[in-house]
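Enquirer: Whatever this is, show me its structure:
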Amino acid sequence: MTQLGFYYDMVHCIGCKSCELACKDKNDLSVGPRYRRVYDMEGGKYPNPWLDHLSVGCNHCQNPKCVENCPAGSLYKRAEDGLVLQDVEKCIGCKLCIWSCPYEAPQYIEQEGRIGKCDFCADLIAKGENPACVDACIMRVLHYGEIEELAERYGTNSDANGIPDSSITNPSLIITPKNR
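Expert: Model prediction:
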């Protein structure tokens, strides 16, 4: 089975949030839910303060806890590409997927009384285009592709400061982290 995934270069990300905004625009999201989020983390002290940025969306995990714990069967892992997708008609809005996902990928859409989440821009990929977040990245630090090909090019690390340990869900994510 092919598994699509993301590569993220944390070292060169400037935290501009273009990926976040493109995702909100593409999915016509109102204020509140964000399928891709950019977190700013700061620390240190004079004379060595630091600021890191972390872009996080759905990681289309090998062992998605959201799918495992969805009582309505709304979330599922698509066989042909490993994407974690949603049948919105089945969603009962119970929020169990939100509580189950260590990455907080599913988002509650209050106006609709249901969950929404990153679908890897499956409609764009089907047309041979890139996910909106990838095209919007001005620093070109966000890429997508088959996870095995990304691993050959960028390595296999899926851990970084600010996100849960990858052993929990085996995310389809490769990161070049900022090491401190």
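
Enquirer: Can you report phi and psi for the closest residue in space to residue 21 that isn't next to it in sequence?
Expert: Closest residue to residue 21 apart from its sequence neighbours, by C-beta to C-beta, 6 or more residues apart in numbering: residue 136 at 7.0 Å. C-betas here are computed from N, CA, C, even on glycine. The phi/psi pair for residue 136 (degrees, to the nearest 10) reads phi -80, psi -20.

Enquirer: List the contacts of residue 136.
Expert: Residues near residue 136 by C-beta atoms under 8 Å, 6 or more residues apart in numbering: 18, 19, 21, 22, 23.

Enquirer: repeat for residue 18
Expert: 136, 137, 138.

Enquirer: Using JSON lines, lay out those residues together with pLDDT.
Expert: Below are the contacts of residue 18 laid out as JSON lines (pLDDT from 0 to 100):
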{"residue": "136", "pLDDT": "98"}
{"residue": "137", "pLDDT": "98"}
{"residue": "138", "pLDDT": "97"}
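
Enquirer: any idea which of those is the one closest to residue 52?
Expert: residue 137 (16.4 Å; C-beta to C-beta).
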